[in-house]
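Visitor: attaching a predicted model along with its sequence, questions to come.
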Amino acid sequence: MKKLTGTIIISMIIASSVHAQSNYKSAIGGRFGSGYYDIFSASYKIFLGDSPEALEFNFGFRPYSRVYNWVDLSASASYQYHFDIKPVEGLKWFIGGGLTAYNSFSSDSRYSGFGLGIFPTGGVDYKFSEIPVNLSFDVRPTISLIRPYDYYDNFYFANFGLSARYTF
């Protein structure tokens, strides 16, 4: 967690010292998360026309190191509404919400099953002007509607993510 916090602080320092542009239509890349259902996910973000509204889609996985084989596969979708952070051009904050579906696969049936959750989301988004790269940091406290197995938490607050994407 300290490593993730350090990475975020360094990213924001770099972001505040580089001139940026705020507009991009879509972006594709990856998201590193601390989430219960994914550690890495492919990420696609698209803005809805010229509005500050965007949709983000993630397809991810999380391997677990146990005596038996165990992996979670997930798909998430979220709606985000962006607001400028002045005076840094290209830096925005966003709020929204989303849905995640995930499945745990394990050689031990106690750790297998389908899960479904909802989450509010918020974070910051930055688009560099000189290179087609976007960085964002988000938090997604997830409420489980369907738990894949008995040991799974009903609420997981510490669901943070750091995304890096190619913009076009």
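Guide: Nice, I can see it.

Visitor: buried set for stretch 93-113?
Guide: Neighbour-count burial for stretch 93-113 flags Trp93, Phe94, Gly96, Gly98, Thr100, Ala101, Tyr102, Ser104, Ser106, Tyr111, Gly113 (criterion: 16 or more other CB atoms under 10 Å). To be clear about C-beta, it is placed using only N, CA and C from the backbone, and glycine gets the same treatment.

Visitor: ok, then the element right after the lowest-mean-pLDDT helix or strand in the chain?
Guide: Least confident helix or strand, the chain: helix 2-17 with a mean of 46, by mean pLDDT, DSSP states H and E. The first helix or strand that comes after helix 2-17 along the chain, using DSSP states H and E, is strand 26-33.

Visitor: neighbouring strands for that following strand, and are they parallel or not?
Guide: In the sheet, strand 26-33 lines up against strand 40-47 (antiparallel), strand 160-167 (antiparallel) (DSSP bridges).

Visitor: who touches it?
Guide: With contact meaning CB atoms under 8 Å, 6 or more residues apart in numbering, strand 26-33 is reached by 4, 38-47, 58, 60, 134, 159-168.

Visitor: convert the C-alpha atoms of the helix or strand hosting Phe94 to CSV, please.
Guide: Following DSSP H and E, one finds Phe94 within strand 91-106. What follows is strand 91-106, C-alpha atoms only, in CSV (Å, rounded to 0.1, in the frame of the first residue of the first chain):
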residue,chain,number,x,y,z
LEU,A,91,-6.1,17.5,-14.7
LYS,A,92,-9.6,16.5,-13.8
TRP,A,93,-11.4,14.8,-11.0
PHE,A,94,-14.4,12.5,-11.5
ILE,A,95,-17.2,10.8,-9.6
GLY,A,96,-19.6,8.1,-10.7
GLY,A,97,-20.5,4.5,-10.1
GLY,A,98,-20.3,1.0,-11.6
LEU,A,99,-20.9,-2.7,-11.6
THR,A,100,-18.5,-5.6,-11.4
ALA,A,101,-19.0,-9.3,-12.1
TYR,A,102,-16.3,-11.8,-11.2
ASN,A,103,-15.8,-15.5,-10.9
SER,A,104,-13.4,-17.4,-8.6
PHE,A,105,-11.9,-20.6,-10.0
SER,A,106,-10.2,-22.9,-7.6
